[in-house]
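K.L.:
predicted structure and sequence below. I'll ask about it afterward.
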Amino acid sequence: MERSVSRGNYIINSIKYALLEIVAGILVIMWLVPLYAMILGGLKSNLEAASTPILLPPSKPSLDAYAFAWFGYATIPGLEPTMLRYLLVAIPSVLLSVIIGTMTAYFFFILSEKHEILSNSLFSIIALATFLPIETVTFPLIELETSLNVYNTYIGLIFAMLIFYVPTSALLMSIFIPVVPKYLIESARMDGAGDWTILWRVVFPLIFPGFLSTLIFVFLQIWNEFFIPLILTNTPNMLMLPVAARFYTAAYALIYNRSFAAGVISSLIPLIIFIFLGRYFIRGLAALGGGAKGV
Amino acid sequence: MRKGAILMSIPGLIFAAFLIYLLALNVYFSLLNWSLFNLRPTFAGLSTYQTLFSEYFFNLAVTHTIVYTIAAVAIGNILGILGAGILYFIKSNTRRAIYLSVFLYPLAVPSSTYAIAWQWLFNPQTGINLILKVFHFPNIIWLTTQPTIYAGMIIIETWAYTGLAVLFFLASFMSVDKSIIEAAKIDGANNLYLLFRIILPNSMNGFIVSTALLFLFSFRIFTVPFTIGGPTNPNMMSLVEYIYILFSTEYFSLSSALSSLVALIAAIVIIPYAILGLKKWVFRR
């Protein structure tokens, strides 16, 4: 008797579990639809992209649209120079933000031992800077960059990125640094190590996974940054990838397949990073959600 | 306080000071009377704010932002709980990690890019309407007229940010004390009971973090309505996009006044969240 009850339970539980997996599978497929549509749209001919159902695969797949979007065609600029240009902005911005952010976060960590109110106010400022819509400082930012003579320059773009992404990095790193056991820092101090040595020789190796996830997060954010290059550049030879990719839909709206191809090309680097380093990124964000119980 | 730590903080604090300077400059500009029609700014006090509140497009943008934000927070949290609930009970760690990555990958796609893809998915002739047709839905004209424009925008936001909610709920589900769950299982609790009566009430962290982030992401949404609608589709405009439109049509003071308001709202949300929420977990000793 008992055996048949438990067997019935087993079957019911298996069915329930199968349903769970099916629901998860359906959701996952739904989430991939936009990416699928984009990749496919770029493989179609222009006529086909405009007239056939978007989710249907192309009849004669071709890489022409990708080649056009990458190299450009006649008077239409390609994405190749804009991507290289944007890498010149993004890489220094990301590295500088995260390194300066780590140092600031270490400062907060030391500060929070004794100066509660000061550390709370500074922490609020960096949190505000992290989440503030950048658009709110459009006008003063342009004024500032013009008066510093860096408007429409690489330095100007990097400077603006740092204003917004140093706080982001400092905020994320302040979540990871307190995970380091106090006694390690105390004993390093006892041995006469300065703060510079403690941060880079004692703390940094322990929080490296957190550092990596901050680096990825900030890179994704900067690669996704559309507004800063939009307002701080105004000549074709300073056109940046995020703005250029959008021009394919806005200015050349008739070339459907190329706008898909441009979309795919502009998300290639962040997607590759996400696929290969995604788990560090997720682990870092999960620490934030779970209350920073470990890096 | 040691000298080394203070020296290390200097670059970070300089950038923070720049930001505060920019915000202060905004408030100052908002108190002037400054636009294309009045290029020599004079002091105008709070009258710019008054003008702003009487603007038709301001009210439109406020309405849109409120609708997007409420929907993003409500739907994001509900789907976040359900998604995390599903992932929590999935037995294989590898599959769980893959599914989670799929929910999160929109974060790695530039928003101007996915706006393009969604614009095409919402094309009434060739997009997802063809699937809806199979289920005998009428042909929906997305993204052009109200109220379907809300539905369209909310679907895009849901797709983009639900992953974050799922991640934060899953992270807090995972940190719920395993012994409570085991005890409930022995008492014969099923999965739904476990999720809603035991795991969820112990996951306030996830709720606070995901609500704050969903609020902020939808509150500051710019690129998606800007890419899809541009300034030509007032039905889609968000507050943040309106700042830009005012600025680019050279109503400098109005743009600054609106910016100051948006920054104020952001501060009201973020500062308590930072001190009471984030900092409490981060520096708890």
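P.N.:
Structure's in. What do you need? Residues are numbered from 1 along each chain as shown, chains lettered A, B, ... in the order given.
K.L.:
in the chain, which residue is most central in space?
P.N.:
As the question left the chain open, I've gone with chain A. A:L220 (1.6 Å; Cα atoms, centre = their mean).
K.L.:
that was the other one, I meant chain B.
P.N.:
B:F217 (1.8 Å).
K.L.:
quick check: which element contains it?
P.N.:
helix B:204-219 (DSSP states H and E).
K.L.:
what's in contact with that helix?
P.N.:
For helix B:204-219, contacts defined as Cβ atoms under 8 Å, 6 or more residues apart in numbering or on different chains pick out A:131, A:133, A:288-291, B:65, B:68-69, B:71-73, B:76-77, B:80, B:84, B:157, B:160-161, B:164-165, B:168-173, B:175, B:239-240, B:262, B:265-266, B:269-270, B:273, B:277, B:281. All C-beta spots, glycine's among them, are computed from the backbone N, C-alpha and C.
K.L.:
mind checking the longest strand of chain B?
P.N.:
For chain B, the strand reaching the highest residue count under DSSP state E is reported as strand B:38-43.
K.L.:
contacts only, for residue 161.
P.N.:
Just so you know, I chose chain A. By Cβ under 8 Å, 6+ apart, the neighbours of A:M161 are A:V89, A:A90, A:S93, A:S97, A:I222, A:E225, A:I228.
K.L.:
my bad, the chain I had in mind was chain B
P.N.:
By Cβ under 8 Å, 6+ apart, the contact set of B:Y161 is B:A72, B:G76, B:P106, B:L213, B:L214, B:F217, B:S218.
K.L.:
count of residues packed around the last one?
P.N.:
In this case it means B:S218. Using other Cβ atoms under 10 Å in any protein chain shown, B:S218 is surrounded by 25 other residues.
K.L.:
that one and B:I66, how far apart?
P.N.:
The gap separating B:S218 from B:I66 is 10 Å, by Cβ to Cβ, to the nearest Å.
K.L.:
repeat for the first one
P.N.:
B:A72 is 11 Å from B:I66, where distance means Cβ to Cβ.
K.L.:
more neighbours, the two?
P.N.:
Taking other Cβ under 10 Å, B:A72 and B:I66 do not tie; B:A72 has more neighbours (27 against 13).
K.L.:
list the contacts of that one.
P.N.:
Going by Cβ under 8 Å, 6+ apart, B:A72 touches B:I154, B:E157, B:T158, B:Y161, B:L214, B:F215, B:F217, B:S218.
K.L.:
cool, and A:I125?
P.N.:
Remark: with contacts taken as Cβ under 8 Å, 6+ apart, A:I125 is in contact with A:P167, B:A16, B:L19, B:I20.
K.L.:
closest one of those to A:Y151?
P.N.:
Distance to A:Y151, by Cβ to Cβ, is smallest for B:L19 among the contacts of A:I125, at 18.0 Å.
K.L.:
what's the one helix or strand the closest one maps to packed up against?
P.N.:
Secondary structure from DSSP H and E places B:L19 in helix B:3-30. Applying 3 or more Cβ pairs under 8 Å, 6 or more residues apart in numbering or on different chains; DSSP states H and E, one finds that helix B:3-30 contacts helix A:80-111, helix A:116-131, helix A:138-147, helix A:154-176, helix A:195-197, helix B:252-272.
K.L.:
kindly reformat these as TSV containing mean pLDDT.
P.N.:
Shown next, in TSV, are those (pLDDT from 0 to 100):
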stretch	mean pLDDT
helix A:80-111	93
helix A:116-131	84
helix A:138-147	92
helix A:154-176	92
helix A:195-197	88
helix B:252-272	90
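K.L.:
those: which one's closest to B:P41?
P.N.:
Closest of the helices and strands packed on helix B:3-30 to B:P41 is helix B:252-272, at 7.6 Å (criterion: Cβ to Cβ).
K.L.:
that closest one to helix B:3-30, inter-axis angle?
P.N.:
Computed with axes from the mean of the first three to the mean of the last three Cα atoms, to 10 degrees, the direction of helix B:252-272 lies at 140 degrees from that of helix B:3-30.
K.L.:
list the buried residues for helix B:252-272?
P.N.:
B:252-263, B:266-267, B:269-271 (16 or more other Cβ atoms under 10 Å in any protein chain shown).
K.L.:
which of the contacts of A:I125 count as buried?
P.N.:
Taking 16+ other Cβ under 10 Å as the criterion, what is buried in the contacts of A:I125 is A:P167, B:A16, B:L19.
K.L.:
next up, the contacts around the last one.
P.N.:
Translated: B:L19. By Cβ under 8 Å, 6+ apart, B:L19 lies in contact with A:I125, A:A129, A:L132, A:V137, A:I163, A:F164, A:P167.
K.L.:
show me the two of those that sit farthest apart.
P.N.:
Pairwise over these, using Cβ to Cβ, the maximum falls at A:I125 and A:V137, 14.0 Å.
K.L.:
check the secondary structure at the residue nearest to the centre of chain A for me.
P.N.:
helix (DSSP: H, G, I helix; E, B strand; the rest coil).
K.L.:
next one: it relative to A:P270, how far apart?
P.N.:
For A:L220, the distance to A:P270 equals 5 Å [Cβ to Cβ].
K.L.:
which residues are in contact with each of these two?
P.N.:
By Cβ under 8 Å, 6+ apart, the residues touching both A:L220 and A:P270 are B:A108.
K.L.:
can I get the contacts of B:A72 in a markdown table including pLDDT?
P.N.:
Output for these, formatted as a markdown table (pLDDT from 0 to 100):
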| residue | pLDDT |
| --- | --- |
| B:I154 | 92 |
| B:E157 | 92 |
| B:T158 | 94 |
| B:Y161 | 93 |
| B:L214 | 91 |
| B:F215 | 90 |
| B:F217 | 87 |
| B:S218 | 89 |
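K.L.:
can you list contacts of stretch A:10-23?
P.N.:
Under Cβ under 8 Å, 6+ apart, the answer for stretch A:10-23 is B:I86, B:F89, B:I90, B:K91, B:N191.
K.L.:
how about A:T168: what's its closest non-neighbour residue?
P.N.:
With Cβ to Cβ, 6 or more residues apart in numbering or on different chains as the criterion, A:T168 has its nearest non-adjacent residue at 4.6 Å, and that residue is A:T130.
K.L.:
returning to that earlier point: now, which of the buried ones among the contacts of A:I125 sits nearest A:D195?
P.N.:
The closest of these, once distances to A:D195 are taken by Cβ to Cβ, is B:A16, at 19.4 Å.
K.L.:
is it true that the closest one touches A:P167?
P.N.:
Yes - between B:A16 and A:P167 there is a contact at 6.3 Å, judged by Cβ atoms under 8 Å.
K.L.:
okay, and the common contacts of the two?
P.N.:
In contact with both B:A16 and A:P167: A:I125, A:I126, A:A129, using Cβ under 8 Å, 6+ apart.
K.L.:
before we move on, back to that, the residue nearest to A:T168 touches A:P167, doesn't it?
P.N.:
Yes - using Cβ under 8 Å, A:T130 is in contact with A:P167, at 5.2 Å.
K.L.:
pull the helix or strand with minimum mean pLDDT from the chain.
P.N.:
In the absence of a named chain, this looks at chain A. Ranked by mean pLDDT, DSSP states H and E, the weakest helix or strand in chain A is strand A:76-77, scoring a mean of 74.
K.L.:
which residues does A:P92 contact?
P.N.:
A:I158.
K.L.:
scratch that, A:L122
P.N.:
Contacts for A:L122 (Cβ under 8 Å, 6+ apart) come out as A:F108, A:L111, B:L13, B:A16.
K.L.:
and the two most separated of those residues?
P.N.:
So, the contacts of A:L122 by Cβ to Cβ: farthest apart are A:L111 and B:A16, at 13.5 Å.
K.L.:
can you tell me the closest non-neighbouring residue to whichever residue of the stretch 1-150 of chain A sits closest to chain B?
P.N.:
Going by Cβ to the nearest Cβ, chain B is nearest to A:T104 of the stretch 1-150 of chain A, at 3.0 Å. Spatial nearest neighbour of A:T104, chain neighbours left out: B:G12 (3.0 Å); criterion: Cβ to Cβ, 6+ apart.
K.L.:
thought A:M103 was touching the one you found, still the case?
P.N.:
Yes - at 6.4 Å, B:G12 counts as touching A:M103 under the criterion of Cβ under 8 Å.
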